[in-house]
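Participant: Based on what follows, work out the 3D shape:
(chains A, B, C and D)
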Number of protein chains: 2
Amino acid sequence: MLTERQLLILKVTVDDYIQSAQPVGSNQLAKKSGMTFSPATIRNEMADLEGMGFLEKTHTSSGRIPSERGYRYYVDHLLTPRPLPKEDIIQLRSIFEDKISETEEVIKRSAMILSELTNYTSILLGPDVRRHIVKKLSIVPLTSNSAVAIIVTDSGHVENRVFPIPEGLNPSEIEKMVNILNERLIGVSLNDLHTRLEQETMMIMKQHMERYGELFSTFRQAVILPREKNVYYGGKLNILNQPDFHDLHKIRSLMDVMEESEHIPMIIPVGNQGLHIRIGSENALSAMEDCSVITVSYDIGEEQTGSIAIVGPKRMDYKRIVSLLDTLSGDLSKELNRIFRK
Amino acid sequence: MLTERQLLILKVTVDDYIQSAQPVGSNQLAKKSGMTFSPATIRNEMADLEGMGFLEKTHTSSGRIPSERGYRYYVDHLLTPRPLPKEDIIQLRSIFEDKISETEEVIKRSAMILSELTNYTSILLGPDVRRHIVKKLSIVPLTSNSAVAIIVTDSGHVENRVFPIPEGLNPSEIEKMVNILNERLIGVSLNDLHTRLEQETMMIMKQHMERYGELFSTFRQAVILPREKNVYYGGKLNILNQPDFHDLHKIRSLMDVMEESEHIPMIIPVGNQGLHIRIGSENALSAMEDCSVITVSYDIGEEQTGSIAIVGPKRMDYKRIVSLLDTLSGDLSKELNRIFRK
DNA sequence: CTTAGCACTCGCCCTATAAGAGTGCTAACA
DNA sequence: TGTTAGCACTCTTATAGGGCGAGTGCTAAG
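Facilitator: Alright, predicted model coming up:
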């Protein structure tokens, strides 16, 4: 077990390294306020802490930097979240100041402000569009052989796609189809849409329409997949500001990984409630082994949840980020509830 | 005036430097095929070319690299566009292979393929949404005090935005409003929409509806500005692959500049028909002084034009990019005409 | 006019050296 | 027994010098 003094030294070491990005030595530490022991004592303690795997040296005679285990311990036991400074709160509140009524806009904006506030990259997961409920379907003919299909969901989200229609189709046929679709499909989630389309509507359409086949199948094609991604980024380039990242190759692969939407579930494990911190190799992706990721969930309306993630160097300002995310998660939940509830 | 031999040497020097990214010396050049003169002769000629400002040395006794003037001359007089290799043509054609019916999808895809093909960053300007013509307006109520406004344009583009509506508004009022709006505004461009809204519809609404004021003004708010940007990127990170860029600071500001949509007109001068090449400091933005930008216009339907830009190092493979852009511009124009014409 | 020859320049790499920061260990001290 | 001063040692960083190689400019010969 760690003694009080060791805890203190570990904490101050991590804090200092987070702040300076330089290995911290015993002399330097001794000068810090609250340090009543001599450098020699600190050296002894640091050697112990290194033995226990909390600190590391970059070379034989350098100062110490926290190991991953050190960060982990720091985060688990030594993190004393302090209240956010006023400026931060003001900034966070500014996200909501113009009473935007769209979930997606609010989230986009959160991503932006968050990255500005932290100087790290933020990734926000919005509502899962596939779980939204169809509120209205419509088809607007554009030319003699194309039309745009529009699906409005209960959240105000609009999916739309242009699709080809058979040449010379009677406009009343289309109207008939739209009516049938609306009758049968309002209240269905986007996710269930394509199965329900087949199961329920196909038969009816067959009865009521000639040439239903071509129209129906192209429409189905168009409607299958929501196009919009529910991932929003802020400060993608902030990585370039971090002194911890200098290897262009690593930066490149890190940025690549973050942009690739299929990797997102590896960065932000879905269904994780509350706040989580993943340090270095605790991350699933090897491209992120030099990063820490802090994630927190927030509520969207009453049923769904979204996630906020901050990606930065292991030497991340955990204290500040945790406070920021805590606050933002709460604010965001509240605001989105307001939007959904009205 | 330049002699034949000087032209040859300049061309080969630029070609070699484009290919190798290394300053090219007289011995190296003499080994190239087509070089019938001795290194000494080449040295003399290179000294002359340097005197005329076409070549530069990185230090007193180094090989030569092309100056901006050298690139300019190369591009203006020495560029012999050669037909694209088969693989490139196949790749370009793959953009259109699944007969997408949406302008924006085709453009997005072009941006992607183009950046893969060139290993540079591509920026494509799509149609100016504000010039699109309203095909249909609708309002779908979501909750008791919010609704989503949807505008479909002739190109199949859909603008949509959630906006607040006065509590307890009669649904039939909304319907009435939508009818009036459709009667009056179909055929109007998005750009003219807000002025026409005021001029024509307000009076009519006043006559037919109670409480038109609140509803109308929030609707107007929602409709003012199209949200979608018409800028599409491909290979934003490709800059990181270029050996010419190593200064993180410069990379950062270059990437920043490219993402900022207000800078786009400085990168791609609007209304420029045909192909243009801007080398180094010929660019308007100082962050791009180490870049070359090749732009070409393409047709969207019959009236509008879009632009394609490739951003790379000054040491860019001009020959290849010019051929690629020429071809893509033609193909894209053809394809978009097909989409619009049907 | 072209080219071989040659002295010279400069970047790059390797090595050596000195300074500085920090460590581990030992021994003295409270 | 825990703490601290002292000291030798290690390793990084910065600086300077030497050799190598690629390349140049100039001169003189072909």
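Participant: any idea how far the worst-scoring helix or strand of chain A on mean pLDDT is from the chain center?
Facilitator: Across the helices and strands of chain A, mean pLDDT, DSSP states H and E gives its lowest value to helix A:202-208, namely a mean of 74. Remark: helix A:202-208 is offset 43 Å from the chain centroid, using CA atoms, centre = their mean, to the nearest Å.
Participant: For whichever helix or strand comes after it, which helices and strands make contact with it?
Facilitator: Per DSSP states H and E, the first helix or strand lying C-terminal to helix A:202-208 is helix A:212-223. Here helix A:212-223 touches strand A:146-153, strand A:158-164, helix A:171-185, helix A:190-196, helix A:202-208, going by 3 or more CB pairs under 8 Å, 6 or more residues apart in numbering or on different chains; DSSP states H and E. In short, each C-beta sits where N, CA and C put it, glycine included.
Participant: Quick one, which of the ones you listed gets closest to B:Thr41.
Facilitator: strand A:158-164 (62.9 Å; CB to CB).
Participant: who does that closest one pair up with?
Facilitator: Here strand A:158-164 has these sheet partners by DSSP bridges: strand A:146-153 (antiparallel).
Participant: near DNA strand C, which residues of chain A show up?
Facilitator: With the criterion set to CB under 7 Å from any atom of the strand, chain A comes near DNA strand C through A:23-28, A:39-40, A:43, A:46-47, A:50, A:57, A:61-64.
Participant: Buried among these? Need that as a selection in PyMOL.
Facilitator: Selecting the buried subset of the residues of chain A next to DNA strand C in PyMOL, with 16 or more other CB atoms under 10 Å in any protein chain shown as the burial test, is done by:
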select buried, chain A and resi 23+24+25+26+28+39+43+46+63+64
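Participant: among the residues of chain A next to DNA strand C, which are in helices?
Facilitator: The members of those that map onto helices under DSSP state H are A:Ser26, A:Asn27, A:Gln28, A:Pro39, A:Ala40, A:Arg43, A:Met46, A:Ala47, A:Glu50.
Participant: which one of those sits closest to B:Ile186?
Facilitator: B:Ile186 lies nearest to A:Gln28 out of these, by CB to CB, at 72.6 Å.
Participant: quick one, what contacts the closest one?
Facilitator: If you count contacts by CB atoms under 8 Å, 6 or more residues apart in numbering or on different chains, A:Gln28 has them with A:Asp16, A:Gly63.
Participant: Break chain A into its domains for me.
Facilitator: Domain assignment for chain A, taken from automatic domain parsing, gives A:4-78, A:86-128+A:230-341, A:130-223.
Participant: Minimum distance to B:Ser292: which of those has it?
Facilitator: Nearest to B:Ser292 among those is domain A:86-128+A:230-341; the distance by CB to CB comes to 20.8 Å.
Participant: Just the terminal-to-terminal distance for the closest one.
Facilitator: Domain A:86-128+A:230-341 has an end-to-end distance of 29 Å (criterion: CA to CA, to the nearest Å).
Participant: Leaving out sequence neighbours, find the closest residue to the residue of the stretch 201-342 of chain A found nearest DNA strand D.
Facilitator: With CB to the nearest atom of the strand as the measure, A:His246 is the residue of the stretch 201-342 of chain A nearest to DNA strand D, at 11.9 Å. In space, not counting the residues next to it along the chain, A:His246 is nearest to B:Leu248; the distance is 7.3 Å by CB to CB, 6 or more residues apart in numbering or on different chains.
Participant: Go ahead and confirm that neighbour touches A:Pro243.
Facilitator: No. Taking contacts as CB atoms under 8 Å, B:Leu248 lies outside contact range of A:Pro243: 9.9 Å.
Participant: Those two: who's more crowded?
Facilitator: Neighbours were counted for B:Leu248 and for A:Pro243 using other CB atoms under 10 Å in any protein chain shown; B:Leu248 has more, 17 against 11.
Participant: so what's the more buried one up against?
Facilitator: A:Leu240, A:His246, A:Leu248.
Participant: and it, what pLDDT?
Facilitator: Per-residue confidence at B:Leu248 stands at 89 (pLDDT).
Participant: what do you get for the one 4 residues further on?
Facilitator: The per-residue pLDDT reported for B:Arg252 equals 95.
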